[in-house]
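1. build the 3D model from these lines:
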Amino acid sequence: MGSEMCIRDRYTGNYSAFEGQRSERLAQQQAGFERQQARIAEIQRFIDRFKAKATKARQAQSRVKALERMERIAPAHIDSPFSFEFPVAEKVSNPLLSIRNGKAGHGSTAILNSINLTLLPGSRVGLLGPNGAGKSTLLMAISGLQPLDSGKMTFEGQDLNRMPVDKRVSNGIVQVPEGRQVFKDLSVHDNLRLGAYTRKQGAEVERDLQKVYGKFPILEQKRDNLAGELSGGQQQMLAIGRALMAKPRLLLLDEPSMGLAPLIVEEIFGIIRELKEEGITVFLVEQNASQALALADRGYVLETGRVVLEGTGRELLSNEKVREAYLGM
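-> Below is the predicted model of the structure:
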């Protein structure tokens, strides 16, 4: 922050950039000063010429007042003293999840190649990519269903490579798999209660069950129905509700809108938006790229097992490559 003649200006970049920006501002200031001086001289000539003439006295007086009110521009002085103030950087949250140089595959077939990504607490992150890019494999690596062959993966600083699947769930890493995978021969109610199997049963679990029914009223209406009797959209609601019963802090969603009617998709995405208000971090793999990026704080594009693009949801929505490949534009 440069301070010149008690006026604060904001500069960005290194010192060379500052010098260039300052020179440009001084030139603009000098040009403004010269234009104003020319205008003042013009007004003063009018005043001097007509102040004694009765027919022009009122106009001359109004110009006198205009000069009095005019905020004067100071001439630019390249040798004016200046000092710097540096703004305090905003505190950045520690990552909830971090993956560095993650590699995974089946046998000799590599699926994930040197993956690097970070999820911040309470964020919504979208993951895009063509079929076979490794999106589901990445989610399974985070949940523990697919081990990393190499690389570092941490959750709140803890080494996930050393953490078994059930421990990841009890620590708050919960996945809603592609295809929903509800227990079709169990009731809706029993499916939801199974989601809390790592938790101590009690009043808190009952309260969370009622919260899930509040989010998905249709599930409460069909609580005694077998899960296999539900429509596809209702089964997806059940799968998400079951995951919420595990008290997730990181919710992994794999293609939640696949095969669903548009109205159901809107309802599902509405619930995902609400989860941020509850402090739940959401990592979303989604074929509906426009919907995913519209709600994402940040997004990644995965191709052949590598992150090829990353940015905010808004940045990726306007990226030409993303628009052409995933938005059909």
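
2. between the two ends of stretch 226-235, what distance do you get?
-> Stretch 226-235 has its terminal residues 10 Å apart, counting by Cα to Cα, to the nearest Å.

3. give me the buried positions along that stretch.
-> Going by neighbour count (16 or more other Cβ atoms under 10 Å), the buried part of stretch 226-235 is Leu226, Ala227, Leu230, Gly233, Gln234, Gln235. The C-beta positions use only the backbone N, C-alpha and C, and glycine is treated the same way.

4. and the furthest pair within those?
-> Leu226 and Gly233 (16.3 Å; Cβ to Cβ).

5. coming back round to it: inside helices: which ones of the buried residues of stretch 226-235?
-> Secondary structure defined by DSSP state H assigns Gly233, Gln234, Gln235 of the buried residues of stretch 226-235 to helices.

6. wait, Arg63 touches Ile47, no?
-> Yes: Arg63 is within contact range of Ile47, at 5.4 Å (criterion: Cβ atoms under 8 Å).

7. which residues do these two both contact?
-> Counting by Cβ atoms under 8 Å, 6 or more residues apart in numbering, no residue touches both Arg63 and Ile47.

8. so who does Gln61 touch?
-> Gln61 makes contact with Lys51, according to Cβ under 8 Å, 6+ apart.

9. any buried residues in whatever helix or strand it lives in, and which?
-> In the assignment (DSSP states H and E), Gln61 maps to helix 57-69. The neighbour-count check on helix 57-69 (16+ other Cβ under 10 Å) flags Ala60, Arg63 as buried.

10. what about the strands in the chain?
-> Assigned by DSSP state E, the strands in the chain fall at 2-4, 7-9, 83-84, 97-106, 109-119, 124-128, 150-155, 158-159, 173-176, 250-254, 281-285, 298-303, 306-312.

11. any chance of a markdown table for the ones you listed, columns distance to Gln37, mean pLDDT and mean neighbour count?
-> Formatted as a markdown table, these follow (distance: least, Cβ to Cβ, whole Å; pLDDT from 0 to 100; neighbours: other Cβ atoms under 10 Å):
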| stretch | distance to Gln37 | mean pLDDT | mean neighbour count |
| --- | --- | --- | --- |
| strand 2-4 | 20 | 42 | 16 |
| strand 7-9 | 19 | 60 | 11 |
| strand 83-84 | 28 | 68 | 9 |
| strand 97-106 | 59 | 92 | 18 |
| strand 109-119 | 55 | 91 | 18 |
| strand 124-128 | 55 | 94 | 24 |
| strand 150-155 | 64 | 94 | 17 |
| strand 158-159 | 68 | 94 | 12 |
| strand 173-176 | 68 | 94 | 24 |
| strand 250-254 | 64 | 95 | 24 |
| strand 281-285 | 59 | 95 | 24 |
| strand 298-303 | 51 | 93 | 21 |
| strand 306-312 | 46 | 92 | 16 |
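
12. okay then, goodbye and thanks.
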